[in-house]
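Provided below for reference: sequence and predicted model.
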Amino acid sequence: MSTRGMVIIGGGETGASAARTLREEGWQGPITLIGQENLAPYERPPLSKGALALGSEAAPAFILKEQTLEELSITWVREARAVKIDRDRHIVQLADGQEIAYDKLLLATGASPRKLTLEGSNTTSVMELRTFADAERLRSKLEAGRQLVVIGAGFIGLEVAASARERGCQVTVLEVGHRILMRGVPLGIAQAVEARHREAGVNFQLGVGIERIESASGEQRITLANGQELRCDAIIAGIGAIPETSLAAACGLDVGNGILVNDRLATSDPTIYAAGDCCAFPHGVYGGTRIRLEAWRNAQEGGAHAARNMLGADQPYEAIPWFWSDQYEQTLQVIGLPDASTLTVQRHTEDESLFFFHLDDEHRLAAASGIGAGIAKEIKLAEMLIVKRAVLDPVVLAAPGLKLKALLKELS
Amino acid sequence: MLLEGWIYVCEADAIDEEDVIRFDSGSRSFAIYRSEDNDYYATDGFCTHEKVHLAEGLVMGDIIECPKHNGRFNYKTGQAKKTPACEHLTTYPVQVTDDGKVYIQID
C-alpha cells in the first residue's frame, strides 16, 4: 500500500473512534480527520442533558483532545468541508480547494437535524440541537420562568424538556403523533416516560399539527392546526435527522436511506467505507435487514469496526443496536430491535423498574427494553442472549425470580 | 479482630457470586465485588469516564462493564480495559471476617 493514508470525513464520534482505532490497530501511515467544527471531536449525548444542566461547565466532553490528536499523529483538518470525492484519482477535495489523497476513505458524515418547514420557521426563530454551539445557544435561553416550546417528542425533545424543567422553565411539548417516542420504544416505556414528565410539570399536546410561527420583539407565537395559539420565549425542534449522503451520492456511490454499505461497512466502492448515522447496513442477527441507526454506540463501534476492516480485518459488523436516554433521575435503555418482535413479555421486578422482552415468531429474543434504576445489567445480559440467538420461554421470562445470568450460563 | 480504619460494608452473602453492589460512605461511593471464586474486591464507585455508578454494571469474570458507555475495568487491579474508559480505578483492601462480614479500608 502506498502512503497516501487513511482519510476520514467527519469529526464526530464515528470519525474520532475510527481514527483512534486505526492507530491502536497498528496503522503507522498518515491519518487525516476532516471536521467541520473548530472543536476537536466531542461527545454529543451530553448536549441535551448535562450540557444544559444548571452549573454545567461551558466546555464540551472531548473524545480526542487536540493534544491526543497530536500524540496519535492524526492530522486534524478543522473547520473544513469536503465538497467532492474524485474516486478515480482517490482524492477528497475541500471547499477551500485543498486536495487530500487517500488509500482508504471513511465517510463518517453523520446526520443533520430535520428542518421544520413551516410558515415563519427559520434558524432564528426555531433552534435545533446538534452541535456544542447549538447547546450553548439553547442554554442561554433556559432561564427560570421562561416559556419553552419543544417541537417533537423524540429523545432530543424530551431530554431538552427534562433539562429545561430542571432549570425552572415552563415547558410545552408539541407532537404530531399520538404518543411520545414513536420509534423503537415500546408503548409501556413511552407511557412511563410521559407520566414522569407530566409529574414534573411538562405540558404535552399530542396529535397536533402546527400551522405557523410568528416572531415579534423577542416573543414567539405558534398557531396550531386546531386554531389554538401558544406564546413562548423560545422554540426548539427535535423532529428527527437526515443522513448526510450528498457527498456519497455525488460521486456515484449507492445511496438510499443512508449510504448503502455491505456487512463489512464498505460502500459500493471497495476503497470507501461508511459508518455511523450516515450509513445503512444489513444486520446479520436480524436476517440481513438493512438498518440505519442514530445512536451513540453505533457511532462509536461502527467507526472502530470500519477502521479495522479498512486495515483488512474483513469482519461483518454485527453490533446489537443499543441506546439509552436519561430524563430526570430515570434511565431507559433499549437493546436490539423491538420492531423485529411479535410478542412482548413484561418482567415484574422487585424494585420499580419496568422491563420488557421482545420475542420473534420463534420466541428468539429480538430486543429488550427497560426503564428504572436496575435495568442496565439486565439489558447487558439480554444483549448476550440476543447474540446467542436464544430461544426463550415467555413464561420463564416473566417469572419474578428469573436470573438472566443463570439463564445465559445454562445456554452456554 | 479488625484494625482501626476498616469500615463495615455488608454481610458476605449480600453480594451474589460474580456480582457487585454499591456502598456509600460519607460523600464517597464505592463498588464492592464478589468474584466467581468467592473473593471480594473494592474500587471507586464511579466510572472514570462519566459519573455513573459501576454497581449498576455487569460483572463478567474479572471485568466490570460500565452500564452507560460500556467502558470496562479489571475490578481486581482497577486497570481500564476498554474505551471510553481510559483512566484506571483506585482499588481498596477488602477483608471478610470469620463470621462473614465484609469490611473495606478506604483511607
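Here it is on my side, so go on.

check contacts around whatever residue of chain B ends up closest to chain A.
The minimum distance from chain B to chain A, using CB to the nearest CB, falls at B:P67 (3.0 Å). The C-beta positions use only the backbone N, C-alpha and C, and glycine is treated the same way. Contacts for B:P67 were tallied using CB atoms under 8 Å, 6 or more residues apart in numbering or on different chains; they are A:376-377, A:379-380, B:52-53, B:56-58.

Now, these that are in strands?
B:L58 (DSSP state E).

now, which of the contacts of B:P67 sits nearest A:G256?
A:G256 lies nearest to A:I379 out of the contacts of B:P67, by CB to CB, at 30.0 Å.

I'd say that closest one and A:A367 touch.
No - using CB atoms under 8 Å, A:I379 makes no contact with A:A367, being 9.9 Å away.

Which one's more surrounded, the two?
Using other CB atoms under 10 Å in any protein chain shown, the more surrounded residue of A:I379 and A:A367 is A:A367, with 28 against 24.

Could you list everything that one pairs with in the sheet?
A:G336, A:H358 (DSSP bridges).

again, but for A:N203
A:T172.

right, and it touches A:T172 too?
Yes - taking CB under 8 Å as the definition, A:N203 is a contact partner of A:T172 at 4.5 Å.

who in chain B is up against chain A?
B:18, B:50, B:56-58, B:65, B:67-70, B:83-84 (CB under 8 Å from any CB of the partner chain).

tell me, how many neighbours does B:V9 end up with?
22.

Tell me if I'm right that it and B:I106 touch.
No - applying CB under 8 Å as the test, B:V9 and B:I106 come out as separate, 10.1 Å apart.

Return every residue with contacts to both of the two.
By CB under 8 Å, 6+ apart, the residues touching both B:V9 and B:I106 are B:A42.

Which parts of chain A are helices?
Assigned by DSSP state H, the helices in chain A fall at A:13-24, A:66-71, A:132-141, A:155-166, A:187-199, A:246-250, A:296-310, A:376-387, A:394-398, A:404-411.

Mind checking if the fourth one is in reach of chain B?
No - Helix A:155-166 stays out of contact with chain B when judged by CB under 8 Å from any CB, the minimum separation being 14.5 Å.

Now tell me what touches that helix from outside.
So helix A:155-166 is in contact with A:48-49, A:52-54, A:129, A:138, A:142, A:148, A:150-151, A:171, A:173, A:175, A:180-181, A:193, A:197, A:200-202, A:236-239, A:323, A:325-328, going by CB under 8 Å, 6+ apart.

Which positions within it qualify as buried?
If you call a residue buried by 16 or more other CB atoms under 10 Å in any protein chain shown, then helix A:155-166 has these buried ones: A:155-166.

which one of these sits closest to A:V396?
Of all these, A:F155 has the smallest distance to A:V396: 31.6 Å, by CB to CB.

What's the local residue count around A:E175?
23.

Could you check how far it is from A:E159?
14 Å (CB to CB, to the nearest Å).

for A:Y42, same thing?
For A:Y42, the distance to A:E159 (CB to CB) stands at 17 Å.

Return the helix or strand in chain B with minimum mean pLDDT.
Every helix and strand of chain B was ranked by mean pLDDT, DSSP states H and E. The lowest is strand B:80-82, at a mean of 84.

just how off-centre is whichever helix or strand comes after that one within its chain?
As assigned by DSSP states H and E, the chain's next helix or strand after strand B:80-82 is strand B:91-92. Put simply, strand B:91-92 sits 8 Å off its chain's centre (CA atoms, centre = their mean, to the nearest Å).

and strand B:91-92, what other elements does it pack with?
Packing partners of strand B:91-92 (3 or more CB pairs under 8 Å, 6 or more residues apart in numbering or on different chains; DSSP states H and E): strand B:40-44.

List the contacts of the strand it packs on.
B:9, B:12, B:15, B:23, B:29-35, B:54, B:64, B:73, B:75-76, B:78, B:89-94, B:96, B:102, B:104, B:106.

count of residues packed around the residue in chain A positioned nearest to chain B?
As assessed by CB to the nearest CB, chain B sits closest to A:A376 within chain A, at 3.0 Å. Residues lying near A:A376 (other CB under 10 Å) number 24.

Contact partners for it?
A:331, A:333, B:56-58, B:67-68.

What sits closest to A:V173 if chain neighbours are left out?
A:V150 (4.7 Å; CB to CB, 6 or more residues apart in numbering or on different chains).

Tell me how many other residues surround the one you found.
26.

ok, it touching A:C169?
No - using CB under 8 Å, A:V150 is not in contact with A:C169, being 10.2 Å away.

Which residues are in contact with the residue nearest to A:G256 when sequence neighbours are not counted?
Spatially, and ignoring its direct neighbours in sequence, A:G256 is nearest to A:A280 (6.1 Å; CB to CB, 6+ apart). Residues in contact with A:A280, defined by CB under 8 Å, 6+ apart, are A:243, A:256-261, A:290-292.

Mind doing that once more with 7 Å?
A:256-258, A:260, A:290-292 (CB atoms under 7 Å, 6 or more residues apart in numbering or on different chains).

one step back: tell me, what's touching A:I379 and A:A367 both at once?
By CB under 7 Å, 6+ apart, the residues touching both A:I379 and A:A367 are A:I335.

got any ranges where the stretch 151-300 of chain A has weak pLDDT?
Along the stretch 151-300 of chain A, the model assigns pLDDT under 70 to no residue.

and what of chain B?
In chain B (pLDDT under 70), the answer is B:1-3.

Now list the buried members of the contacts of B:P67.
Buried among the contacts of B:P67 (16+ other CB under 10 Å): A:376-377, A:379-380, B:52-53, B:56-58.

TSV for those, including distance to A:G227?
Below are those laid out as TSV (distance: CB to CB, whole Å):
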residue	distance to A:G227
A:A376	45
A:K377	49
A:I379	44
A:K380	49
B:V52	46
B:H53	48
B:E56	47
B:G57	51
B:L58	52
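
Send over stretch A:374-393 as CSV, restricted to the C-alpha atoms.
Below are the C-alpha coordinates for stretch A:374-393, written out as CSV (Å, rounded to 0.1, in the frame of the first residue of the first chain):
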residue,chain,number,x,y,z
GLY,A,374,-31.8,-1.6,37.9
ILE,A,375,-32.1,-2.2,34.2
ALA,A,376,-28.6,-1.8,33.0
LYS,A,377,-27.3,-5.3,34.0
GLU,A,378,-30.4,-7.0,32.6
ILE,A,379,-30.1,-5.1,29.3
LYS,A,380,-26.5,-6.2,29.0
LEU,A,381,-27.4,-9.8,29.7
ALA,A,382,-30.2,-9.6,27.2
GLU,A,383,-27.7,-8.4,24.7
MET,A,384,-25.7,-11.5,25.2
LEU,A,385,-28.8,-13.6,24.8
ILE,A,386,-29.7,-11.8,21.6
VAL,A,387,-26.2,-12.5,20.3
LYS,A,388,-26.7,-16.2,21.1
ARG,A,389,-30.0,-16.2,19.1
ALA,A,390,-31.5,-17.6,22.3
VAL,A,391,-35.0,-19.1,22.1
LEU,A,392,-36.7,-18.4,25.4
ASP,A,393,-39.9,-19.4,27.1
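
what's the model's confidence in it, averaged?
On average, the pLDDT along stretch A:374-393 is 91.

List the buried residues for that stretch?
A:374-386, A:390, A:392.

Among those residues, which one lies nearest to A:A304?
Nearest to A:A304 among the buried residues of stretch A:374-393, with distances taken as CB to CB, is A:E383, at 17.2 Å.

Can you show me the strands along chain B?
B:6-11, B:19-25, B:28-34, B:40-44, B:58-60, B:63-65, B:72-74, B:80-82, B:91-92, B:94-96, B:101-105.

and A:Q36, which of those is closest to it?
The nearest among the strands of chain B, by CB to CB, is strand B:80-82 at 28.7 Å.

can you pull the contacts of B:D16?
By CB under 7 Å, 6+ apart, the neighbours of B:D16 are B:R34.
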